[in-house]
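K.L.:
with the input below, show me the fold.
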Amino acid sequence: MPAHRGGSNGQLIFLLFYFLLSVSMYLPGPYFILYLNTYVALPWIGLAYSLNRVSNLLLEYPSGVLADKVGRLKSTMLGSFLLGMSMLVLVIFGTPKVYIVILSALLGGAGMAFISGSLEAWAVDTFGKTNMKKLFSNMGTLKNIGGVIASILAGISVKYMGLKWPLLLSGVLGVLSPAMLFLLQDNRGNHDSRTILLKNLRMFRDIRFSMLVLIILLVSLMLSVFFVIWPITLRDVGIYESLLGFVYFLLMTFMALGSYLARKASSEIKGIKMFLIGGTVITSTIALLLKLNPTKPTAMLILVLLFIFEILIGSYYVFIAHMRNSVIPSEIRASAISMISLVNSGVGMVTLPLFLALGDLAFKWIICSILLVFGTIVFELWKTKYTQPAGSKPSAQSKP
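P.N.:
Sure, this is the predicted structure:
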């Protein structure tokens with residue numbers, strides 16, 4: 001039996017795994033589509049992407065329940081293994097056929113489902129009870145640094161060895177890195193899976209939880225639109241497509257900076273408010289600039305605004321994870337986080353195509369602003385509930 005590590009050694013092992021997992025997930029990058037399109041027509045790739053989302057949605061909540069019942073590290077290890085295999089099957093059998101691409105998509109969707117919720121829930125209940133903000137700051141920083149390093153490794157490997165190598169490296173890391181988690185003690189929440197769903201649904205009776213889920217949903221929708229339109233925006237204002245890879249590298253770096261700076265914030269509430277208001281100003285400003293005649297100064301200003309926005313996004317992920325775990329009880333932590341992710345994914349699949357179909361590029365940035373404005377309104381209402389114990393009534397002396 002391996003000796004389980006605790007304390008600072010255990011946290012170092014966990015953070016090293018999280019870093020390697022992040023590198024593994026970011027390595028394929030844009031080369032994933034380029035590699036597949038060499039052998040498979042785009043419609044089949046689109047079908048595979050859809051099946052990936054379906055697989056993820058179907059297993060999102062059941063995997064969270066399983067993590068709470070059986071073990072959160074076990075779920076994480078299985079998820080990482082499945083993600084790794086989703087890349088390996090594309091390269092170890094030679095030329096990928098359509099059925100292999102579909103298998104890869106199903107494995108990848110399942111892998112993300114088993115990691116979602118379980119990894120965060122395990123970390124909070126093991127390390128983060130006294131300083132969740134620092135824990136999530138470390139995780140966010142390492143995740144984005146992993147993305148930066150992955151983009152460099154992928155670019156080098158493609159240049160000197162070919163398109164399949166980022167996928168191969170990603171798969172190897174995904175399959176092998178979970179082995180180090182055997183050194184850590186697993187934890188779980190509720191042993192009775194029959195009661196987990198009821199307890200999850202009862203969470204919505206707590207106004208703090210239900211309003212927080214709405215805030216997360218609004219921001220998630222905004223980020224889904226943002227991640228699609230930012231490269232198109234830069235291209236349309238005159239940034240050369242050949243430079244977009246370098247810009248992506250810088251954006252990841254600034255997001256990592258935001259995750260690190262979040263630990264310096266005096267209040268998570270103030271941090272999220274800054275993100276919502278700052279994001280509204282930035283997205284509406286970009287929409288206004290796009291309505292003007294694009295010039296080189298306009299392009300540079302939009303680029304600077306995107307860098308600032310990435311800092312805010314990096315900090316937001318830290319703050320919202322802290323608040324989410326402050327509201328969710330330990331015994332259903334993994335399944336509740338998976339339930340929130342399921343809501344975001346399900347609503348996003350329906351609304352994102354609609355948002356992207358509406359209006360010109362400037363109007364899509366306005367949609368981002370509107371979602372953030374609604375998020376700000378709900379957040380201001382939610383603040384009055386945050387410090388109240390679950391199920392308590394508002395007190396005249398309660399302060400946000």
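K.L.:
where in the stretch 301-400 of the chain is pLDDT low?
P.N.:
Scanning the stretch 301-400 of the chain with the threshold set as pLDDT under 70 gives 385-400.
K.L.:
strands of that one, residue ranges please.
P.N.:
For the stretch 301-400 of the chain, strands defined by DSSP state E, counting those that start in this stretch do not occur.
K.L.:
now the helices for it?
P.N.:
333-357, 361-386 (DSSP state H, counting those that start in this stretch).
K.L.:
of those helices, which is nearest Leu223?
P.N.:
helix 361-386 (8.6 Å; CB to CB). For glycine as for every other residue, the C-beta is placed from the backbone atoms N, C-alpha and C.
K.L.:
okay, buried residues for the closest one please.
P.N.:
Buried residues in helix 361-386, counted by 16 or more other CB atoms under 10 Å: 361, 364-376, 378-379, 382-383, 385-386.
K.L.:
what's in contact with stretch 222-239?
P.N.:
For stretch 222-239, contacts defined as CB atoms under 8 Å, 6 or more residues apart in numbering pick out 241, 244, 247-248, 251, 279, 283, 286, 289-290, 294, 296, 298-299, 302-303, 306, 309, 313, 348, 352, 355-356, 361, 364-365, 367-368, 371-372, 375.
K.L.:
may I see the ChimeraX selection of the buried members of those?
P.N.:
The buried residues among these can be selected in ChimeraX (16+ other CB under 10 Å) with this line:
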select :244,247,248,251,279,283,286,289,290,298,299,302,303,306,309,313,348,355,361,364,365,367,368,371,372,375
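K.L.:
A strand includes Gly29, no?
P.N.:
No: counting by DSSP: H, G, I helix; E, B strand; the rest coil, one finds Gly29 to be coil, located in no strand.
K.L.:
excluding chain neighbours, what is closest to Ile272?
P.N.:
In space, and not counting its chain neighbours, Ile272 is closest to Phe319: 4.9 Å by CB to CB, 6 or more residues apart in numbering.
K.L.:
distance check, the residue nearest the centre of the chain against Ser266.
P.N.:
A centroid search over the chain (CA atoms, centre = their mean) returns Tyr317, at 8.2 Å, as the residue closest to the centre. Using CB to CB, to the nearest Å, Tyr317 is found at 18 Å from Ser266.
K.L.:
cool, Asp360 as well?
P.N.:
40 Å.
K.L.:
what about those two, which has more around it?
P.N.:
More neighbours surround Asp360 than the other of Asp360 and Ser266, with 11 against 7 (other CB atoms under 10 Å).
K.L.:
phi, psi of the more buried one?
P.N.:
Asp360 adopts backbone torsions of phi -90, psi -170, taken as degrees, to the nearest 10.
K.L.:
OK, contacts around the closest residue to it other than its chain neighbours?
P.N.:
Nearest non-adjacent residue to Asp360, counting by CB to CB, 6+ apart: Leu290, 8.0 Å away. Listed by CB under 8 Å, 6+ apart, the contact partners of Leu290 are 233, 236-237, 360-362, 365.
K.L.:
so which elements touch the helix or strand harbouring Tyr260?
P.N.:
Here Tyr260, judged by DSSP states H and E, is contained in helix 244-261. Where contact means 3 or more CB pairs under 8 Å, 6 or more residues apart in numbering; DSSP states H and E, helix 244-261 is packed against helix 132-161, helix 207-236, helix 296-327.
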